[in-house]
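Participant: pasting the sequence and the predicted coordinates here, then a few questions.
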Amino acid sequence: MSTTQSQACPDCGSHREIASQVCGACGAPPRSAEEDQRAEQEGGVRTTDLEPYVTLRYIAKLFKVLAVLMVLMLLSEVTIGLMQQGTDAIISLVGEATRFLVLAGLLWGAGDLAILLIDLGHDIRVSRILLGRVNAELHRRGGSTEDAAPSEQRSEQRMSPR
């Protein structure tokens, strides 16, 4: 499959006309079929194995947009306060500015936490996929966990007091 052919986005599943371009729906970077095949051959994880977390991405963006809006509201409040009341408004404006900046910082941090949750979800998913592949390979080769049990029992018996 060529990178110029149409395909689904590996992150959000939406249709991409040109696979070699960034996804218009979620902004995911392009990944070629050759990269997916190489990852599969090397025992890695393909992007199609990962779940998209589209809603969590939108929540992260929403929090960051709200933080920017809070800063813009702060700037307009300071401007209007200084224009209407002059230097007499500085004391109340400092309190308002502190409150707005703390809230904007919390919203921005919540957006970053949402992105960290996405990364955490991908890491857990990748670990489960790789563990499943290791397990399947062990069963394919005929190995089992029972082979290791006698040696583990012997080492536990040596450690335990008699």
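Facilitator: Yep, it's here. Numbering: from 1, shown residues only.

Participant: now the helix ranked longest in the chain: average pLDDT?
Facilitator: For the chain, the longest helix by residue count, based on DSSP state H, is helix 90-141. For helix 90-141, mean pLDDT rounds to 89.

Participant: which elements pack onto it?
Facilitator: Counting contacts by 3 or more C-beta pairs under 8 Å, 6 or more residues apart in numbering; DSSP states H and E, helix 90-141 packs against helix 54-85. The way it works is simple: take the backbone N, C-alpha and C, and place the C-beta from them, glycine included.

Participant: so for the helix it packs on, what gets flagged as buried?
Facilitator: Of the residues in helix 54-85, 54, 57, 59-60, 63-64, 67, 70-71, 74, 77-78, 81 count as buried by neighbour count, 16 or more other C-beta atoms under 10 Å.

Participant: now for these: which two are most distant?
Facilitator: Spatially, the most separated pair among these is V54 and G81, at 40.5 Å (C-beta to C-beta).

Participant: that older thread, now the buried residues of helix 54-85 in CSV, with distance to I91 and pLDDT?
Facilitator: What follows is the buried residues of helix 54-85, written out as CSV (distance: C-beta to C-beta, whole Å; pLDDT from 0 to 100):
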residue, distance to I91, pLDDT
V54, 45, 81
R57, 41, 88
I59, 36, 91
A60, 36, 92
F63, 30, 95
K64, 31, 95
A67, 25, 95
M70, 21, 94
V71, 21, 94
L74, 16, 93
E77, 14, 92
V78, 12, 92
G81, 10, 91
